[in-house]
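Visitor: Take this sequence and fold it.
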Amino acid sequence: MPKVKTKKSAAKRFKITKTGKAKHQRAFGGHLATGKAGKRKRFLKKADVVSAAHAYQMRRMLPTSGCK
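Guide: Next up is the predicted model:
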């Protein structure tokens, strides 16, 4: 049986919460901030939880993390 390995690119982008859900940073917040409203920029700072539709993919990429 081969070793179970973690996708390192996913491990750098996602963190697992205590309840086993995956958190990620929102897209479109990295640059070109002058064209965005302040309310939108504050919203983009906050982390978001990965949708239930992608939970299976997260379990495949992060097998040892305990992701639900």
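
Visitor: Show me the residue at the heart of this protein, geometrically.
Guide: The centre of the chain sits closest to His24, judged by C-alpha atoms, centre = their mean, with a distance of 2.5 Å.

Visitor: which residues in the chain form strands?
Guide: 15-16, 22-25, 47-49 (DSSP state E).

Visitor: List the pairing partners of the second one within its sheet, with orientation.
Guide: Meaning strand 22-25. If you go by DSSP bridges, strand 22-25 pairs up with strand 15-16 (antiparallel), strand 47-49 (antiparallel).

Visitor: so Ala22 sits right up against Arg60, yeah?
Guide: No. Using C-beta atoms under 8 Å, Ala22 is not in contact with Arg60, being 11.8 Å away. Placement of C-beta: from N, CA and C, glycine included.

Visitor: Compare those two (neighbour count), which wins?
Guide: Using other C-beta atoms under 10 Å as the criterion, Ala22 and Arg60 rank with Ala22 on top: 24 against 11.

Visitor: who's in contact with the more buried one?
Guide: Phe14, Lys15, Ile16, Val49, Val50, Ala55, Met58, Leu62, Cys67 (C-beta atoms under 8 Å, 6 or more residues apart in numbering).

Visitor: So for those, which is the shakiest by pLDDT?
Guide: Ranked by pLDDT, these bottom out at Cys67, which has 79.
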